[in-house]
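Q: Predicted model follows, preceded by the sequence.
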Amino acid sequence: MFQFQLDTEKLEQAAGKLRAMSHPMRIAIIDLLAQHSEPLSVTEIYKSLDIEQATASHHLNILKSKNILISKRDGKNIYYALKNLTIMEILECIDRCNKNDR
């Protein structure tokens, strides 16, 4: 049996990340970024997802604030990438759970 110590602070951080990821558009952003080896600009993201720039920026800021994304400014452009690709394991697990529920 797997034993672990409950660390309230770490659990709260994990819950915050899960809440941030729980929006369908944020899942789409995470999936889009996971498909690319290079960071994407805000323009590339909102055009790829066919959403407004302000909407993309809003969701990107939420994901960045929970340390799911990293960003880098280059002149007027901001480029985003996943901070850690293991975040995709959570989405893959959820996908597997959904398939098993059918």
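A: Here it is on my side, so go on. Numbers count the residues shown, from 1 in each chain.
Q: Now do the worst-scoring helix or strand of the chain on mean pLDDT: everything it contacts.
A: Ranked by mean pLDDT, DSSP states H and E, the weakest helix or strand in the chain is helix 87-100, scoring a mean of 82. Outside helix 87-100, the residues within contact range by Cβ atoms under 8 Å, 6 or more residues apart in numbering are Lys17, Leu18, Met21, Ile27, Ile30, Asp31, Ala34, Ile68, Leu82. (Each C-beta comes from the backbone N, C-alpha and C, glycine too.)
Q: can you check stretch 70-81 too?
A: With Cβ under 8 Å, 6+ apart as the contact definition, stretch 70-81 has outside contacts at 33, 38-43, 45, 60, 64, 69, 82-83.
Q: now, which of those residues sits nearest Leu6?
A: Nearest to Leu6, judged by Cβ to Cβ, of those is Lys83 at 24.2 Å.
Q: what about the helices in this protein?
A: Per DSSP state H, the chain carries helices over the ranges 8-21, 24-34, 42-49, 53-65, 87-100.
Q: quick one on the thing from earlier: and the angle from the least confident helix or strand of the chain to helix 8-21?
A: Relative orientation of helix 87-100 and helix 8-21, computed by axes from the mean of the first three to the mean of the last three Cα atoms, to 10 degrees: 70 degrees.
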